[in-house]
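Asker: have a look at this fold, sequence not included:
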């Protein structure tokens, strides 16, 4: 199978260059009209070997306590940021809704796209992960700016395998660049737990990008030494995503978000 050239940082920069003066405020009008993981059981197995059931119970309790502490830190930082963070969570909710829509449609047209077996399972897992991320953003006050989205190649995206995978790579590169900017912004604002969550999200989205390259049969599958820096602030995301062709719904290229599942066999660590 012919290997399609991967989308690279120039695509994202081109998207930004096409709207050089566009800010978050300027794009908001349009927006209102954006398993390699190991199970926890595996992680506990070494500690549990030769230990008593009481020890395992203690470890489980410690993990539960740690998760609760992390959740409290997120709520505390989100409350501390107040209105300054509302637009961040709005953008995050919108982006996750957009790409949950993309993967839903890819799964629905998998036969036409020639995506089956393990590749289809991977897309189904990714859709669930995007939905989990969306619900995280909403739980912290995020309000999606729209439920209608476009794609750079319109309906052909879900009729042509090459176009679908090209769009998938662009989407994940945009997302990884956006989350790197999120981390930078949160660090500057003195919100370490939210910066860390940006890293947790970026780990997963980077995996999505590699999944697409595996389906593409690209060589090598994982080809980034460092994730590229393409945005200076997360607040630039709407302009970049719009310029890339995802936020201009019109007849024939108007796809609506539909709620999806938040669980899938093998998908773990479903809370930050």
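Answerer: Thanks, I have it. Predicted, not measured: the structure shown is a model, and the values here were computed from it.

Asker: only C-alpha atoms from now on, for both contacts and neighbour counts.
Answerer: Noted.

Asker: which parts of the chain are strands?
Answerer: 148-149, 255-256 (DSSP state E).

Asker: and residue 123, which of the ones you listed is closest to it?
Answerer: strand 255-256 (18.1 Å; Cα to Cα).

Asker: what's that closest one in contact with?
Answerer: 101, 147-150, 249 (Cα atoms under 8 Å, 6 or more residues apart in numbering).

Asker: pLDDT weak spots in this structure?
Answerer: In the predicted model of the chain, residues 1-83 satisfy pLDDT under 70.

Asker: touching, residue 113 and residue 163? I think so.
Answerer: No: between residue 113 and residue 163 there is no contact under Cα atoms under 8 Å: 9.5 Å.

Asker: between the strands of the chain, which gets nearest to residue 233?
Answerer: strand 148-149 (22.6 Å).

Asker: residues near the residue lying closest to residue 197 once chain neighbours are set aside, how many?
Answerer: The shortest distance from residue 197 to any non-neighbouring residue, by Cα to Cα, 6 or more residues apart in numbering, is to residue 272 (6.7 Å). Neighbour count for residue 272, taken as other Cα atoms under 10 Å: 17.

Asker: next: residue 95.
Answerer: Neighbour count of residue 95, defined by other Cα under 10 Å: 28.

Asker: what of residue 265?
Answerer: 9.

Asker: what's the distance between it and residue 200?
Answerer: 20 Å (Cα to Cα, to the nearest Å).

Asker: ok, the closest residue to residue 231 other than its chain neighbours - contacts?
Answerer: Nearest residue to residue 231, sequence neighbours excluded (Cα to Cα, 6+ apart): residue 181, at 6.0 Å. Neighbour list for residue 181: 229, 231-234 [criterion: Cα under 8 Å, 6+ apart].

Asker: of those, just the buried ones, PyMOL syntax please.
Answerer: Here is the PyMOL command that selects the buried residues among these (16 or more other Cα atoms under 10 Å):
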select buried, resi 231+233+234
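
Asker: the contacts of residue 181 in helices, which ones?
Answerer: Per DSSP state H, helices hold no members of the contacts of residue 181.

Asker: among the contacts of residue 181, which one lies nearest to residue 126?
Answerer: residue 234 (22.2 Å).

Asker: doesn't residue 87 make contact with the closest one?
Answerer: No: Residue 234 lies out of contact with residue 87 (Cα under 8 Å); the separation is 9.6 Å.

Asker: in the sheet, who's paired with residue 256?
Answerer: Per DSSP bridges, the residues bridged to residue 256 are residue 148.

Asker: neighbours of it, just the number please.
Answerer: 15.

Asker: start the count at 341, not 1, going forward
Answerer: New numbering, starting at 341: the last item is residue 596.

Asker: what's the spacing between the residue nearest to residue 571 and residue 447?
Answerer: For residue 521, the distance to residue 447 - Cα to Cα - is 29 Å.

Asker: for stretch 561-573, measure first residue to last.
Answerer: 28 Å.

Asker: which residues touch that stretch?
Answerer: Residues contacting stretch 561-573 (Cα under 8 Å, 6+ apart): 349, 352-353, 516-518, 520-522, 524-525, 550, 553-554, 577.

Asker: can you check stretch 461-469 too?
Answerer: Contacting residues not belonging to stretch 461-469 are listed as 439-440, 443-444, 446-447, 548, 551, 600-604, 607, 610 [Cα under 8 Å, 6+ apart].

Asker: now the helices for the stretch 441-590 of the chain?
Answerer: With DSSP state H, counting those that start in this stretch as the criterion, the stretch 441-590 of the chain has helices at 450-453, 457-479, 501-528, 532-556, 577-583.

Asker: give me whichever of those helices is most buried.
Answerer: With neighbours taken as mean count of other Cα atoms under 10 Å, those reach their highest mean count in helix 577-583, at a mean of 26.
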